[in-house]
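Trainee: the following comprises the amino acid sequence and a computationally predicted model.
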Amino acid sequence: MLIDTHAHLDSARFDNDRELVLERAKEAGVERILNVGFNRETIPSTISLAEANDSIYAIVGWHPVYSIDMQPQDLDWIRELSSHPKVVAIGEIGLDYHWDTSPKDVQHRVFREQIRLAKEVNKPIVIHNRDAHEDIVRILKEERADEVGGVMHCFSGSWETAKLCLDMNFYISFGGPVTFKNARVPKEVMERVPNDRILIETDAPYLAPHPYRGKRNESAYVRMVAEAAAEIKGITLEEIAKITTRNAELCFRLPQK
């Protein structure tokens, strides 16, 4: 049994075959999927997808790329949705210094507001971090995010950064890039992260694993991430499935199966 802890299956890229994608995921042993809504458009579609499928849970928050668009009523909306029975976390939130769409000061404010909201509603947070390692760690520390913990989504940093996040009660999640032949740093980080802090994900439709790199990703492919993790950790696929499923259940307070 596998859990894809981060996907965007409400994306329009799945409109023509979403049910087939869900069937393929089930055939690959993926029994639960956490789908992420991250702005005014995708939060409703994520909630609808979770309501329509027993195997899908929702994560809602405001992506840093769209920070400039976030209004006070949007934060109130996320607060209200946090009590929905299928909503398991606040995210993906954080900082993105790659795409120049929202000023850094606005990203910082929106990030802090959502950490505080997560602490208020007692939900873990899912962190988006692109080219912002130092500021991410600093803000998480300053806001005492360790009180709720959460996930470093599709982690791309160094072991030093991972260690700081582990010390703040965060899980480290790996996706398709850990399967790439030239992915030396992610493989080294995964090898060093304790087994009880590892999660796996797809970020579908993005970041497809080898041999589908560059193509549309889907939740069934989380199995390839699990296979890579098993090889890196020197354990069986069954063991890594058991470990990562248990970790996801603990992190997101999912029903245990």
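Mentor: Looks like it came in fine.
Trainee: buried ones in the helix ranked longest in the chain?
Mentor: Using DSSP state H to define each element, the chain has its longest helix at helix 104-121. Buried residues in helix 104-121, counted by 16 or more other C-beta atoms under 10 Å: 107-108, 110-115, 117-119, 121. For glycine as for every other residue, the C-beta is placed from the backbone atoms N, C-alpha and C.
Trainee: off-centre distance for that helix?
Mentor: 17 Å (C-alpha atoms, centre = their mean, to the nearest Å).
Trainee: and that helix, what does it pack onto?
Mentor: helix 72-81, strand 87-96, strand 125-130, helix 133-142 (3 or more C-beta pairs under 8 Å, 6 or more residues apart in numbering; DSSP states H and E).
Trainee: mind redoing it with 6 Å?
Mentor: Helices and strands touching helix 104-121, by 3 or more C-beta pairs under 6 Å, 6 or more residues apart in numbering; DSSP states H and E, are strand 87-96.
Trainee: the strand it packs on: partners in the sheet, and parallel or antiparallel?
Mentor: Here strand 87-96 has these sheet partners by DSSP bridges: strand 56-60 (parallel), strand 125-130 (parallel).
Trainee: number of residues surrounding the nearest residue to Met168 once chain neighbours are set aside?
Mentor: Nearest-residue entry for Met168: Asp146, 4.3 Å, with adjacent residues in sequence omitted and distances by C-beta to C-beta, 6 or more residues apart in numbering. The tally of other residues near Asp146 (other C-beta atoms under 10 Å) stands at 14.
Trainee: what's the separation between Asp146 and Leu117?
Mentor: Plainly put, Asp146 is 16 Å away from Leu117 if you go by C-beta to C-beta, to the nearest Å.
Trainee: Arg192 now?
Mentor: Arg192 is 32 Å from Leu117, where distance means C-beta to C-beta.
Trainee: what about the strands in the stretch 101-250 of the chain?
Mentor: For the stretch 101-250 of the chain, strands defined by DSSP state E, counting those that start in this stretch occupy the ranges 125-130, 150-152, 170-174, 198-200.
Trainee: that older thread, contact partners of the longest helix of the chain?
Mentor: Applying C-beta atoms under 6 Å, 6 or more residues apart in numbering, the contact partners of helix 104-121 are 61-62, 64, 67-68, 70, 75, 79, 82, 90, 93, 95, 125, 139, 143, 145, 147-148.
Trainee: just want the angle from that helix to strand 87-96.
Mentor: 160 degrees (axes from the mean of the first three to the mean of the last three C-alpha atoms, to 10 degrees).
Trainee: what is the mean pLDDT for helix 104-121?
Mentor: Average pLDDT, helix 104-121: 98.
Trainee: so Met70 touches Trp62, yeah?
Mentor: Yes. In this structure, Met70 is within contact of Trp62 by C-beta atoms under 6 Å, at 5.0 Å.
Trainee: more neighbours, those two?
Mentor: Trp62 (28 against 22).
Trainee: hang on, Ile3 is in a helix, isn't it?
Mentor: No. Read with DSSP: H, G, I helix; E, B strand; the rest coil, Ile3 is strand and lies in no helix.
Trainee: which residues touch Glu143?
Mentor: Contacts of Glu143 (C-beta under 6 Å, 6+ apart): 112, 115.
Trainee: just the angle between the helix or strand hosting Leu49 and helix 72-81, please?
Mentor: For Leu49, the host element (DSSP states H and E) is helix 42-52. Orientation of helix 42-52 against helix 72-81 (the same axes, to 10 degrees) gives an angle of 10 degrees.
Trainee: and helix 42-52, what does it pack against?
Mentor: Contacts defined by 3+ C-beta pairs under 6 Å, 6+ apart place helix 42-52 against strand 30-37, strand 56-60.
Trainee: among those, which is nearest Val178?
Mentor: Val178 sits nearest to strand 30-37 of all the helices and strands packed on helix 42-52, at 17.0 Å, using C-beta to C-beta.
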